[in-house]
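# With the input below, show me the fold.
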Amino acid sequence: SARYEGLTANLVVEYSNTRPWHGLESSISYVYKPSVMPQSTFKTTGLVPGANNQQRLKKDMHGILFEVRPGGLLATFDFTQLLLQLTTSLTLLAMATVGVNILAQYVLRKRHYYIEALYEHTTDFSNVSFLERHTEDQIQEELRQRNLPDTGSKHRMIMRLLEHGWSPPSRSPSLRENMLS
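Sure thing, here's the model as predicted:
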């Protein structure tokens, strides 16, 4: 029986100052995990001198042995470690982007379509400052002459003109003359 033979109990103490998805906590938490080792015994013996030093008494003691095993993690914030993780992550993301672009442009069967989809073509902005000097009414008149919608903000109307290939002609009757008047 366990009472006569004794037993060995394990006590694992895990400590931590973090929680998953929350980070650092202000206090340290402890988790105790006791367990009994199956079919274990505990016995110790000792010799005790007698009253007249002529005799010895052997004590055979049985009981419970607690084996305590502490362990855990204590975390602290480290800015250097944060920078290391961020740069590693960004490098991995950049390398993945390069790999996908190479596959899309040179390897895959529909690469000609992917090339068109990868790059957004924008209008030439060299004439924006010329158009910004005009009033909204002058820009709307130019849009009407080209059968384009003349609604929206001034910036949107200028973009619409540029998207449809507008460029200042050497002699534009609408905008040039209106600018001089």
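
# residue ranges with poor pLDDT in this protein?
Within the chain, the segments meeting pLDDT under 70 span 169-181.

# and with 50 instead?
Along the chain, segments meeting pLDDT under 50 span 176, 180.

# continuing past the longest helix along the chain, what's the next helix or strand?
In the chain, taking DSSP state H as the definition, the longest helix is helix 79-102. With elements assigned by DSSP states H and E, the helix or strand that comes after helix 79-102 is helix 111-118.

# quick check, residue 54 in a strand?
No - secondary structure of residue 54 (DSSP: H, G, I helix; E, B strand; the rest coil): coil, not part of a strand.

# contacting residues around it?
Going by CB atoms under 8 Å, 6 or more residues apart in numbering, residue 54 touches no other residue. C-beta here means a position set from N, CA and C on the backbone, and glycine is covered the same way.

# re the thing from before, and the longest helix of the chain, how far out from the chain middle?
Taking CA atoms, centre = their mean, to the nearest Å, the mean C-alpha location of helix 79-102 is offset from the chain mean by 11 Å.

# mind listing the helices in this protein by residue range?
In the chain, the helices defined using DSSP H lie at 2-5, 79-102, 111-118, 128-132, 136-145, 154-163, 175-180.
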